[in-house]
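**Q** One predicted model, sequence on top.
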There are 2 protein chains.
Amino acid sequence: MISGKNYIGNQLSANGNKTYKTFNPQLHIENSPIYTESTKEEIDKAVSLASKAFKTFRNISGKKKAEFLNAIADEILALDSELIETYCSETGLPEGRAIGERGRTVGQLRAFAELVQEGSWVEASIDTAQPERQPMSKSDIRKMLVPLGPVVVFGASNFPLAYSTAGGDTAAALAAGCPVLVKSHPMHAGTGELVASAIIKAAEKTGMPNGVFSNLNSSGIEVGTQLVSHPDVKAVGFTGSIRGGRALYDLAAKREEPIPVFAEMGSINPVVILPEALKNKGVALANTYAGSITLGTGQFCTNPGLLLGIKSDSLTNFIQNLSDEIIKIEPSCMLHPNIIGAYESNKQKALSQPELTVVANYDSEVKPNYARQTVTTVEGSTFLNNTTLHQEVFGPYSMVVQCEHAQQLEQVISKLEGQLTGTLIAENDEAAQYSQIIEALQNRVGRIIYNGVPTGVEVCPSMVHGGPYPASTDSRFTAVGIHSIKRWVRPFSYQDWPNNLLPDALKNENPLHISRLVNNKQTTDNI
Amino acid sequence: MISGKNYIGNQLSANGNKTYKTFNPQLHIENSPIYTESTKEEIDKAVSLASKAFKTFRNISGKKKAEFLNAIADEILALDSELIETYCSETGLPEGRAIGERGRTVGQLRAFAELVQEGSWVEASIDTAQPERQPMSKSDIRKMLVPLGPVVVFGASNFPLAYSTAGGDTAAALAAGCPVLVKSHPMHAGTGELVASAIIKAAEKTGMPNGVFSNLNSSGIEVGTQLVSHPDVKAVGFTGSIRGGRALYDLAAKREEPIPVFAEMGSINPVVILPEALKNKGVALANTYAGSITLGTGQFCTNPGLLLGIKSDSLTNFIQNLSDEIIKIEPSCMLHPNIIGAYESNKQKALSQPELTVVANYDSEVKPNYARQTVTTVEGSTFLNNTTLHQEVFGPYSMVVQCEHAQQLEQVISKLEGQLTGTLIAENDEAAQYSQIIEALQNRVGRIIYNGVPTGVEVCPSMVHGGPYPASTDSRFTAVGIHSIKRWVRPFSYQDWPNNLLPDALKNENPLHISRLVNNKQTTDNI
């Protein structure tokens, strides 16, 4: 049952007078629940509870944290059809996608549960004392990762489950031992509240301190601004637009105590198609990419918005085939009128640039909030000289850049802003000849894909979802996979600390049986 | 032979007309060499060479990088007495310190050489494909750490070798595969040029690309500002004052593409003395701390500037003993007239605060640039209400805060800014009773020391030299030890990449024989 209220710690609360509703883009009507934006006092209380909760939560065992994370997963599943229906009503996405994304969300929670239960993730490192060392004795020094403190999470419009309330950022922060304050996304406030209720239930069932989680309704920028500016908030996770992410980054950088902001933002995900591959498999490729560009109405961070090739008959044919194929695809619904509004205006901005040719444009009548897919093409030199064409058009849009030669292709790649992904389409014996192009591509992206599509982000330890700015605000971290926990922790050293007062991870006996670096050798042995 | 010129890549260059000299604080005279500040064009050229060098340097094998790092160490040692004499003439520090710091610098370089030669530091992670997985096949995904790009290093006034030209930041960045541009510290420009010449010699001997290292003379803020603002610079390392570090952090955050700045800045390194320990070993402690406060004329980031205790006769006695002992110590020379100038003015600012008592003040005549040690004391409530007293007085100064009770002591600790270190002086059976105080201390620092002194930073894998702001700009990293390499690298993923095109660290055969995470299991096996 959706209340429309905030969770200030474990308590439902709605003291404010600013209210809003979510929108069903398929039916093109507002959904009925009314959400109350959190007040300044509610936010202060939530942060204060989080700070207090941190004092105990940061010392809770990995086993207890795993119970909590698994309980969240269980409670999300227990929401059953209410969650799926709410999700669909707030996004226009089909039930299959909702169920798939729920599976991924639950999977992420369980992966972090496994990580902290096992325990070696703290990167325990021990250098034992050498009292006899000359000219100076050496102290016993031991190090491990510890949580930063309360983390604010801004969910994504396009992933109401996997990148939002109990998504990757939240799961990683809780696993690290950081209380989480979610700035609820106004487009899916109901989905957010339901997931928040699951987290609160799980926290209560597993005995977590009140304040370990809060969910704050918000329809504008005020709630987020207050949260990021609060001195007791120690880090921020964000998934969304470059403008939004950069604004939060700037806000955090201006604080008296600057805090880390990990924002995963825009990306046009260049796909480089080498000549031989284009010749040999251009038709299949056109088919594949027509699907990838329109998948989920193009509403993925990894949507291929830029296809790069060298001029040839094969490239001309490929553009024709891609146009023919993409036009056959039935348009689908975008997440919200604001999202399709931005799609249309960003697309128009691109289309109004000189020397750009539209090669495919779905132009039949569509339902409200349904997006027409579009493919355009430009010359390499045009692209190089007009950075407006480098900007993301979030939605089912892609542009083919026709370069004169390999050198221009390399130049185009080198001029790109940072990207989440880069894709290389090549024949196996061809790739080695284009090593400079591959090098240039690697230097601009966080993940490089061979003969595939960038859409689809596998959740596994080796995944990097991040990249050079503006793909993310800090390329040294990933937003997906167990190593995303590193965003929310810092190394901490104990010098000559008594064994009985050390945390279990660093005790001589290695009671957690974790893998540790002992005198520069990785081992599970005790000392 | 000191030329006074910049190293723009491998070339000596001095096109500018702004010159300066270094100063011998012991003799209170200028040193004779004349240094020419680098020009805008020289800086641009150095960055351009670094960017070009990065294209090859980032792919150079760990073995080759190790040769380079070891060669730097060898060339530094080969500078022999010229380096030691220049060091002493530019710092006023004794020869023994110069030799000790050189040993540490060489040790750091060799430790990074060992790290990259072994190779497992890249955190290789491999998730193999599952083509049969339902509902979707799983791609092969492999991840490793790759270098960020050209790094600018700002050396520290107080460590001309270990935290400067070829110090920890430079060694870590070169080990990572990042070219380095050093903004030479004006106070030890000669030491800097000599070490730079060693790096250039080593680069040439081991076949490194021109531009892998540059040394840029600078006497004001212009050179540093230009470097940090340059779009081709990808990260910054800094050791110095809060004001300087914060200015660079702000500059980098305002760039179109923000870049990470790791600045290790101020710290007053609180020492918490518990009652039983004070009673039982107050006399020895006073002696130890008189030494620690004045060690190296108090010019360490880890100098104990704040001693915290609970009011008692033992605390009164301790203050008396500390005062008696510290006054016996012969004053020593500070690094530069500007440094002693800052010491005197910061000390005066502290001494002018109401309700502060001076308990020890060396007041005999001293030579120019010699610093008089001072100890003061305040009540806990005074300290809590006056944040001016929380500011660092860089030099042989310390303040004893007399708290009413344990609760006030905890409050004082909680109100402190972030610190590099915190020290606990306790009896073994006493510490467990003060767990809240220990918790509070842990939450404010990067390293916690038991019954010791904070001065002395062991270079080992378990060391954390960093901490919550303003101890550093990003507590998620350390400036000392092999893991400081993580500041200059980012994770990078390959998806379905052909084995022959993968870097060696990720190839099936594991040709580097490194430890890798393969399908979530750490192993050196091949695939």
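**A** Yes, it's here.

**Q** and the closest residue to chain B within the stretch 151-300 of chain A, how far is that from residue A:228?
**A** Relative to chain B, the nearest point of the stretch 151-300 of chain A is residue A:253 (3.8 Å; C-beta to the nearest C-beta). For the C-beta atoms, the positions are set from N, CA and C on the backbone; glycine is no exception. Residue A:253 sits 10 Å away from residue A:228, going by C-beta to C-beta, to the nearest Å.

**Q** shared neighbours, those two?
**A** Common neighbours of residue A:253 and residue A:228 are listed as residue A:261 (criterion: C-beta atoms under 8 Å, 6 or more residues apart in numbering or on different chains).

**Q** Have a look at these two and say which one is more surrounded.
**A** residue A:228 (24 against 19; other C-beta atoms under 10 Å in any protein chain shown).

**Q** Contacts only, for residue A:157.
**A** Residues near residue A:157 by C-beta under 8 Å, 6+ apart: A:185, A:187, A:188, A:240, A:335, A:336, A:339.

**Q** related to what we said a few turns ago, may I ask you to confirm that the residue of the stretch 151-300 of chain A closest to chain B is in contact with residue B:253?
**A** Yes - using C-beta atoms under 8 Å, residue A:253 makes contact with residue B:253 at a distance of 3.8 Å.

**Q** All the strands of the stretch 51-200 of chain A, residue numbers only.
**A** Taking DSSP state E, counting those that start in this stretch, the strands of the stretch 51-200 of chain A run over residues A:125-127, A:141-147, A:151-154, A:180-183.

**Q** Mean neighbour count for these - can I get that in JSON lines?
**A** Formatted as JSON lines, the strands of the stretch 51-200 of chain A follow (neighbours: other C-beta atoms under 10 Å in any protein chain shown):
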{"stretch": "strand A:125-127", "mean neighbour count": "25"}
{"stretch": "strand A:141-147", "mean neighbour count": "24"}
{"stretch": "strand A:151-154", "mean neighbour count": "29"}
{"stretch": "strand A:180-183", "mean neighbour count": "29"}
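
**Q** Out of these, which is closest to residue A:286?
**A** strand A:151-154 (36.8 Å; C-beta to C-beta).

**Q** near chain B, anything from the closest one?
**A** No - using C-beta under 8 Å from any C-beta of the partner chain, strand A:151-154 never reaches chain B; the gap is at least 12.7 Å.

**Q** Give me the average confidence score over that strand.
**A** Strand A:151-154 shows a mean pLDDT of 98.

**Q** Partner strands of that strand and their direction?
**A** strand A:180-183 (parallel), strand A:235-239 (parallel) (DSSP bridges).

**Q** returning to what we had before: just put the strands of the stretch 51-200 of chain A in TSV and tack on distance to residue A:66.
**A** Below are these laid out as TSV (distance: least, C-beta to C-beta, whole Å):
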stretch	distance to residue A:66
strand A:125-127	23
strand A:141-147	15
strand A:151-154	19
strand A:180-183	16
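
**Q** residues touching residue A:221, list them.
**A** By C-beta under 8 Å, 6+ apart, residue A:221 lies in contact with residue A:247.

**Q** Show me what from the stretch 251-400 of chain A comes close to chain B.
**A** Going by C-beta under 8 Å from any C-beta, the residues of the stretch 251-400 of chain A near chain B are A:253, A:257, A:258, A:259, A:260.

**Q** Now which of those would you call buried?
**A** Buried members of these, counted by 16 or more other C-beta atoms under 10 Å in any protein chain shown: A:253, A:258, A:259, A:260.

**Q** And the lowest-mean-pLDDT helix or strand in chain A, what's buried?
**A** None of the helices or strands of chain A scores lower by mean pLDDT, DSSP states H and E than helix A:428-431, at a mean of 91. Judged by neighbour count using 16+ other C-beta under 10 Å, the buried positions of helix A:428-431 are A:430, A:431.

**Q** Quick check: next helix or strand after it?
**A** helix A:435-442 (DSSP states H and E).

**Q** elements contacting that following helix?
**A** strand A:270-273, helix A:406-415, strand A:419-425, strand A:445-450 (3 or more C-beta pairs under 8 Å, 6 or more residues apart in numbering or on different chains; DSSP states H and E).

**Q** Pull out the buried positions in stretch A:83-97.
**A** For stretch A:83-97, burial by neighbour count (16+ other C-beta under 10 Å) applies to A:83, A:84, A:86, A:87, A:88, A:89, A:90, A:91, A:92, A:93, A:97.

**Q** repeat for stretch A:243-250
**A** A:244, A:245, A:246, A:247, A:248, A:249.

**Q** could the strands paired with strand A:151-154 go into CSV alongside mean pLDDT?
**A** Compiled in CSV, these are given as follows (pLDDT from 0 to 100):
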stretch, mean pLDDT
strand A:180-183, 98
strand A:235-239, 98
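
**Q** could I get the ones you listed as CSV with distance to residue B:273?
**A** What follows is the strands paired with strand A:151-154, written out as CSV (distance: least, C-beta to C-beta, whole Å):
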stretch, distance to residue B:273
strand A:180-183, 37
strand A:235-239, 33
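
**Q** Run through who's touching stretch A:288-298.
**A** By C-beta under 8 Å, 6+ apart, the residues outside stretch A:288-298 that reach it are A:93, A:97, A:158, A:271, A:303-304, A:307, A:322, A:325-326, A:328-329, A:331-335, A:343, A:371, A:373, A:375, A:394-398, A:453-455.

**Q** If any of those residues are buried, give me the PyMOL selection for them.
**A** Restricted to buried positions by 16+ other C-beta under 10 Å, the PyMOL selection for these reads:
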select buried, chain A and resi 93+97+158+271+303+304+307+322+325+326+331+332+333+334+335+343+371+373+375+394+395+396+397+398+453+454+455
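
**Q** now, which of the contacts of stretch A:288-298 lie within strands?
**A** Counting by DSSP state E, these place A:271, A:307, A:332, A:333, A:371, A:375, A:397, A:398 in strands.

**Q** Could you list the low-confidence segments of chain A?
**A** For chain A, not a single residue meets the criterion pLDDT under 70.

**Q** Which residues of the stretch 1-150 of chain A lie near chain B?
**A** Residues of the stretch 1-150 of chain A lying near chain B (C-beta under 8 Å from any C-beta): A:55, A:59, A:125-127, A:136, A:138-139, A:141-143, A:146, A:148-149.

**Q** let's go with 7 Å and repeat that
**A** Within the stretch 1-150 of chain A, the positions lying close to chain B (C-beta under 7 Å from any C-beta of the partner chain) are A:55, A:125, A:126, A:127, A:138, A:139, A:141, A:142, A:143.

**Q** Of these, just say which sits nearest to residue A:518.
**A** residue A:126 (4.8 Å).

**Q** That closest one contacts residue B:462, correct?
**A** Yes - at 6.1 Å, residue A:126 and residue B:462 qualify as touching, with contact defined as C-beta atoms under 7 Å.

**Q** who touches both of the two?
**A** Overlap of the contact sets of residue A:126 and residue B:462 (by C-beta atoms under 7 Å, 6 or more residues apart in numbering or on different chains) consists of residue A:142.

**Q** How far does the helix of greatest length in chain A sit from its chain's centre?
**A** Longest helix of chain A, by residue count under DSSP state H: helix A:62-91. Relative to the centre of its chain, helix A:62-91 is centred 18 Å away, using C-alpha atoms, centre = their mean, to the nearest Å.
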